[in-house]
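Undergrad: What follows is a predicted structure for the sequence shown.
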2 protein chains.
Amino acid sequence: MEAQDKRIKRTQQLLAKALIGLTLEKGYEVVTIRDITELADVGYATFFRHYSSKDALLRDVSEVVLAEVYGLLPHFSDADIATLGFPLFQYVQEHASIIRVLLSSRGTSPLMQPIIEIATQKILNENKPLTGTIVPPEIAAHHLVTAAIALIQWWLEHDMPYPAEHMGSIFYALIVQPARTIAFIPNSHARL
Amino acid sequence: MEAQDKRIKRTQQLLAKALIGLTLEKGYEVVTIRDITELADVGYATFFRHYSSKDALLRDVSEVVLAEVYGLLPHFSDADIATLGFPLFQYVQEHASIIRVLLSSRGTSPLMQPIIEIATQKILNENKPLTGTIVPPEIAAHHLVTAAIALIQWWLEHDMPYPAEHMGSIFYALIVQPARTIAFIPNSHARL
DNA sequence: ACTGTTATGATATAGCATATCTCATAACGT
DNA sequence: ACGTTATGAGATATGCTATATCATAACAGT
């Protein structure tokens, strides 16, 4: 990895910060590229020298965070399965700004869909699904991902009224445990 | 309710059909008002005499369907709770076109959010939530609604590979039963 | 069938955003 | 110090939204 030109790095960071600030302020959809370049104090045409669209900028901005979130997905065979939601919500709390921006764009662009698909595939690859159950593994995995996103979204939109640890417990009880029992691990020590 | 002017009815129906057709063809986001008026063979300015925006048209189009979907939300005290997903997915199948359009706009506009909120409130109003559990009732209700939407979306996007009855069972096992047991009905006859 | 009302089509116009191009300038890496 | 390259400023083309005007045609009620 070659050290980028300082001007490129500078411009891209200015654009990234401007996008985050504007999205948190008034929502991703209504933010224009002109808004971004003006707040970043960067020439309008310069934007397109780096990104082909607003979505492309957001993709770049959320790249690192996403990769780390993928690493926090549940492994159903883990011993500490019940507490595995805690680090996830902790991470969300620490990177709340960027994740808010990402969720603010939910559905808008073809941006959220690949994220959901990648996460779903990771869960299917890293866990041995049951066969012959009522619920197909693809549906259980897809459910897990989308429900986790919805829960995170609820938490952020309500300004995090419960601590991350509590949210982790809710995540386990409401989402992980049912999906795991039904589609992944046969006779789990079910605890209510 | 007075009988509308025939011309108004005609125009609005043409616009509605054009929106549905174009959205199913290439996605809600990229459909322009000009597209709609051209396919409907209606003057461009005429659109704004009826709707202030594309979202307003979609709201009008989905009004009736939405009201009926709200009526299919689960009542946890019902005896036939386990089979209540069947009519829901049956209804989705029968109105697949409009619901596809509605879900194609997911997140885009401030259109889906109020729908989720209304459905969540209905569930909270029509069911007696438990107190003192790990999972707050608002979260359980919100989870139920968003997970149901995600499941329906999965089903439609995969061209309904399972029959509605099977989807109803999946809906119950993965979503309804856990939410009900954890946040609404204390000692349910838990069946796996 | 007559009449006043009203929805429509066609057209023009303004505003805004995206996207690309050119050229002089300034900052960069070596 | 020098060649390279990113940037800013400006012009331009395109497409979509939104509103206004005016003649025409379709409507509802009598």
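TA: Structure received.

Undergrad: Give me the nearest residue to the residue positioned nearest the centre of chain A, chain neighbours excluded.
TA: Note on chain A: the residue nearest the mean C-alpha position is residue A:66, at 5.8 Å, using C-alpha atoms, centre = their mean. Leaving out its chain neighbours, the residue that sits closest to residue A:66 by C-beta to C-beta, 6 or more residues apart in numbering or on different chains is residue A:115, at 6.5 Å. All C-beta spots, glycine's among them, are computed from the backbone N, C-alpha and C.

Undergrad: Which helix or strand contains that neighbour?
TA: helix A:112-126 (DSSP states H and E).

Undergrad: and that helix, what other elements does it pack with?
TA: In this structure, helix A:112-126 packs against helix A:54-70, helix A:137-157, with contacts taken as 3 or more C-beta pairs under 8 Å, 6 or more residues apart in numbering or on different chains; DSSP states H and E.

Undergrad: related to what we said a few turns ago, touching, the residue nearest to residue A:66 and residue A:63? I think so.
TA: No. Here residue A:115 lies out of contact with residue A:63, judged by C-beta atoms under 8 Å, at a distance of 11.0 Å.

Undergrad: out of the two, which sits in the more crowded spot?
TA: residue A:115 (18 against 10; other C-beta atoms under 10 Å in any protein chain shown).

Undergrad: mind checking pLDDT for the more buried one?
TA: For residue A:115, the pLDDT comes out at 96.

Undergrad: any chance of the helices and strands packed on helix A:112-126 in TSV, plus distance to DNA strand C and mean pLDDT?
TA: Formatted as TSV, those follow (distance: least, C-beta to the nearest atom of the strand, whole Å; pLDDT from 0 to 100):
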stretch	distance to DNA strand C	mean pLDDT
helix A:54-70	6	97
helix A:137-157	24	97
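
Undergrad: among the ones you listed, which is the most enclosed?
TA: Mean neighbour count (mean count of other C-beta atoms under 10 Å in any protein chain shown) peaks for helix A:137-157 among the helices and strands packed on helix A:112-126, with a mean of 22.

Undergrad: Specify the angle between it and helix A:112-126 in degrees.
TA: Counting by axes from the mean of the first three to the mean of the last three C-alpha atoms, to 10 degrees, helix A:137-157 points 130 degrees away from the direction of helix A:112-126.

Undergrad: what about helix A:137-157, near chain B?
TA: Yes. Counting by C-beta under 8 Å from any C-beta of the partner chain, contacts between helix A:137-157 and chain B involve A:139-140, A:142-143, A:146-147, A:150-151, A:154.

Undergrad: any idea which of those is closest to residue A:5?
TA: Using C-beta to C-beta, residue A:146 comes nearest to residue A:5 of those, at 40.0 Å.

Undergrad: So the closest one versus residue B:87, what's the distance?
TA: Residue A:146 is 23 Å from residue B:87, where distance means C-beta to C-beta, to the nearest Å.

Undergrad: Over to residue A:56?
TA: Residue A:56 sits 43 Å away from residue B:87, going by C-beta to C-beta.

Undergrad: for residue A:67, same thing?
TA: Distance from residue A:67 to residue B:87, counting by C-beta to C-beta: 42 Å.

Undergrad: same thing with residue A:29?
TA: Residue A:29 is 35 Å from residue B:87, by C-beta to C-beta.

Undergrad: Within range of DNA strand D, give me the residues from chain A.
TA: Counting by C-beta under 7 Å from any atom of the strand, chain A comes close to DNA strand D at A:5, A:7-8, A:10-11, A:41-46, A:49-50.

Undergrad: Reformat these as a markdown table; add pLDDT and secondary structure.
TA: Output for those, formatted as a markdown table (pLDDT from 0 to 100; DSSP: H, G, I helix; E, B strand; the rest coil):
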| residue | pLDDT | secondary structure |
| --- | --- | --- |
| A:5 | 95 | coil |
| A:7 | 97 | helix |
| A:8 | 98 | helix |
| A:10 | 98 | helix |
| A:11 | 98 | helix |
| A:41 | 98 | coil |
| A:42 | 98 | coil |
| A:43 | 98 | coil |
| A:44 | 98 | helix |
| A:45 | 98 | helix |
| A:46 | 98 | helix |
| A:49 | 98 | helix |
| A:50 | 98 | helix |
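
Undergrad: Can you narrow those residues down to the ones near DNA strand C?
TA: Restricting those to those near DNA strand C by C-beta under 7 Å from any atom of the strand leaves A:5, A:7, A:10, A:44-45.

Undergrad: Show me the shaky parts of chain A.
TA: For chain A, applying pLDDT under 70 flags the ranges A:1-3, A:107-109, A:187-192.

Undergrad: What parts of chain A come near DNA strand C?
TA: Residues of chain A lying near DNA strand C (C-beta under 7 Å from any atom of the strand): A:3, A:5-7, A:10, A:32-34, A:44-45, A:48, A:52-54.

Undergrad: One more pass at 10 Å, please.
TA: Counting by C-beta under 10 Å from any atom of the strand, chain A comes close to DNA strand C at A:2-10, A:30-38, A:43-49, A:51-56.

Undergrad: Can I have the buried ones of these as a ChimeraX selection?
TA: Here is the ChimeraX command that picks out the buried ones among the residues of chain A next to DNA strand C, judged by 16 or more other C-beta atoms under 10 Å in any protein chain shown:
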select /A:31,33,35,36,37,47,51,54
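
Undergrad: Return only those of the residues of chain A next to DNA strand C found close to chain B.
TA: Counting by C-beta under 8 Å from any C-beta, no member of those reaches chain B.

Undergrad: From residue A:19, how far off is residue A:26?
TA: Between residue A:26 and residue A:19 the computed distance is 12 Å (C-beta to C-beta).

Undergrad: more crowded one of these two?
TA: Neighbour count, other C-beta under 10 Å: between residue A:26 and residue A:19, residue A:19 has more, with 25 against 12.

Undergrad: which secondary structure element contains that one?
TA: Here residue A:19, judged by DSSP H and E, is contained in helix A:6-26.

Undergrad: for whatever helix or strand comes next after that helix, the distance to its chain's centre please.
TA: Downstream of helix A:6-26, the next assigned helix or strand under DSSP H and E is helix A:33-39. The gap between where helix A:33-39 is centred and where its chain is centred comes out at 25 Å by C-alpha atoms, centre = their mean, to the nearest Å.
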